[in-house]
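> Following is a predicted model, sequence given first.
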Amino acid sequence: MDNDKSVGIFDSGVGGTTVLKEIIKLLPKENIIYFGDNKNSPYGEKKEEEIQVHCLEILKFLLKKKCKAIVIACNTATAAAFEVLSKNSPVPVIGVISGGIKAAIEVTKNKKIGILATPFTVSSMAYINELEKKNMDLEIIQSPCKDLCPMIEAGWGKFKNRKFILEEYLSFFKNGTDTLILACTHYPIIKKDIEELFIGNIVDTAKETAMELLDVLNKNALKNNSDDLGEIKFYINGELGNFKNIAEDFLEIKILEVKQIDI
Ligand code: DGL
């Protein structure tokens, strides 16, 4: 039982709120510190070493805030820095890649799985490598999406060409792919538009990641079992921009404050 400490969740920006939403549903009593590294967003076109440096800084910040577990709510950061964070963290670290894979293999019928992700996640082969371990004779196609994350951060709705761009990225999956993994935590924010253009199962990593967190908290006797709902604190290190509006819309809650800090 650990009622004073928090769960630390981070992403390159607002995308991790899609994981946060499932965590709030499953673990409403947990205190949460959410950090969006929007000064350094997007991660998707950065080099591995650079992403690792940012993630280690964030780990330091979350540990200073007394976090008892860390959720890397970003596929790109999970692909680039899961191992280095796990090695450097005295508290459990959870990534998001295994969750999307679990969800996809549960629902695919024809074993044709599509991965919609950032260029870094695609070239890291993190999904392909994990899926191949399942020995299921899967056909996997990846689509690297350079523009989606920056457009979502900037406010998806304001881009007149958004559906055209999305259509291009989804055109990779015309081979009968029956299951699409939203392998970037920003993409559930635009799921309605993706659903209009992709016929099949659309899975993301959020629910499974929340379940993995529950499991880790239970196993390590870290779960908060107070009677009260937890407190959620939001931090970013860049401009406030659309962060608060996008997060409020997606989470369907009112956010009192988003603190801007310098890390
Ligand atoms: N939400 C991040 C992910 O899941 C976006 C990465 C980026 O900043 O490009 O990959």
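All right, it came through fine.
> Going by residue numbers, what spans are helices in the stretch 151-263 of the chain?
162-170, 191-197, 206-219, 243-251 (DSSP state H, counting those that start in this stretch).
> Pipe these into CSV and attach distance to residue 257 and mean neighbour count per row.
In short, each C-beta sits where N, CA and C put it, glycine included. Below are the helices of the stretch 151-263 of the chain laid out as CSV (distance: least, C-beta to C-beta, whole Å; neighbours: other C-beta atoms under 10 Å):
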stretch, distance to residue 257, mean neighbour count
helix 162-170, 30, 16
helix 191-197, 27, 13
helix 206-219, 24, 19
helix 243-251, 9, 18
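> out of those, nearest to the ligand?
helix 206-219 (10.6 Å; C-beta to the nearest ligand atom).
> Chain neighbours aside, what residue packs nearest to residue 242?
The shortest distance from residue 242 to any non-neighbouring residue, by C-beta to C-beta, 6 or more residues apart in numbering, is to residue 155 (4.8 Å).
> Could you tell me how many residues sit around the one you found?
12 (other C-beta atoms under 10 Å).
> again, but for residue 157
13.
> just the one 4 residues further on next, same as before
By other C-beta under 10 Å, the residues close to residue 161 number 11.
> rewinding a little: can you put the helices of the stretch 151-263 of the chain in CSV and add mean pLDDT and distance to the ligand?
What follows is those, written out as CSV (pLDDT from 0 to 100; distance: least, C-beta to the nearest ligand atom, whole Å):
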stretch, mean pLDDT, distance to the ligand
helix 162-170, 97, 14
helix 191-197, 97, 14
helix 206-219, 96, 11
helix 243-251, 97, 12
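> any weak-confidence spans in the protein?
Residue ranges of the chain with pLDDT under 70: 1-2.
> Enumerate the residues of it near the ligand.
Residues of the chain lying close to the ligand (C-beta under 6 Å from any ligand atom) are 11-12, 15, 41-44, 74-76, 118, 121, 149, 184-186.
> Residue 68: what secondary structure?
strand (DSSP: H, G, I helix; E, B strand; the rest coil).
> Tell me the spacing between the nearest residue to it once chain neighbours are set aside and residue 226.
Among residues not flanking residue 68 along the chain, residue 5 sits closest, at 3.9 Å (C-beta to C-beta, 6+ apart). Noted for residue 5: a distance of 12 Å to residue 226, by C-beta to C-beta, to the nearest Å.
> between the two, who's got more neighbours?
For residue 5 versus residue 226, neighbours defined as other C-beta under 10 Å are more numerous around residue 5 (17 against 12).
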